[in-house]
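Visitor: this one's structure only:
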């Protein structure tokens, strides 16, 4: 069901880094050619919990799969 929804080219996708990486690696249901903004909410908490490799891989996927990676805006938020 998620793969079908992602193939419909939604404007906004909310996912954990690991789940998004799974779709990028295995399902090929996500196309990042038109990605304009990558937001990582609670990025500091993700790093504290040991998800730095996943964050690095997601950013790497984002940059390598885009047609114009210089147009990517990355936002890292922590509101607490």
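Guide: Now that the structure is in, tell me what you want to look at. Predicted model, so just to flag it, every value in this text is computed and none were measured. Residues are numbered from 1 along each chain as shown.
Visitor: can you give me the helices for this structure?
Guide: Per DSSP state H, the chain carries helices over the ranges 2-7, 17-22, 43-48, 52-64.
Visitor: List the buried residues in the longest one.
Guide: Counting neighbours by 16 or more other C-beta atoms under 10 Å, one finds that the buried residues in helix 52-64 are 54-55, 57-58, 61-62. All C-beta spots, glycine's among them, are computed from the backbone N, C-alpha and C.
Visitor: Repeat that for stretch 26-35.
Guide: Residues 30, 32, 35 are the ones in stretch 26-35 that count as buried (16+ other C-beta under 10 Å).
Visitor: now that stretch: mean pLDDT?
Guide: What stretch 26-35 shows for mean pLDDT is 73.
Visitor: what mean pLDDT does stretch 40-49 have?
Guide: Computed over stretch 40-49, the mean pLDDT rounds to 83.
Visitor: That one: how far from the chain's middle?
Guide: 14 Å (C-alpha atoms, centre = their mean, to the nearest Å).
Visitor: same check, this time on stretch 29-39
Guide: That offset, for stretch 29-39, works out to 7 Å (C-alpha atoms, centre = their mean).
Visitor: same thing with stretch 11-27?
Guide: 6 Å.
Visitor: for the buried residues of stretch 26-35, which one is nearest residue 24?
Guide: residue 30 (5.5 Å; C-beta to C-beta).
Visitor: Pull the contacting residues for that closest one.
Guide: Residues counted as contacts of residue 30 (C-beta atoms under 8 Å, 6 or more residues apart in numbering) are 6, 13, 20, 23-24.
Visitor: for the residue lying closest to it once chain neighbours are set aside, what are its contacts?
Guide: Distances taken as C-beta to C-beta, 6 or more residues apart in numbering place residue 23 nearest to residue 30, at 4.7 Å, with adjacent residues excluded. Contact analysis of residue 23 by C-beta under 8 Å, 6+ apart lists 2-3, 6, 15, 29-30.
Visitor: how about 10 Å then?
Guide: Contact analysis of residue 23 by C-beta atoms under 10 Å, 6 or more residues apart in numbering lists 2-3, 6, 13, 15, 29-30, 61.
Visitor: Kindly report the same for residue 12.
Guide: Contacts of residue 12 by C-beta under 10 Å, 6+ apart are 37, 39.
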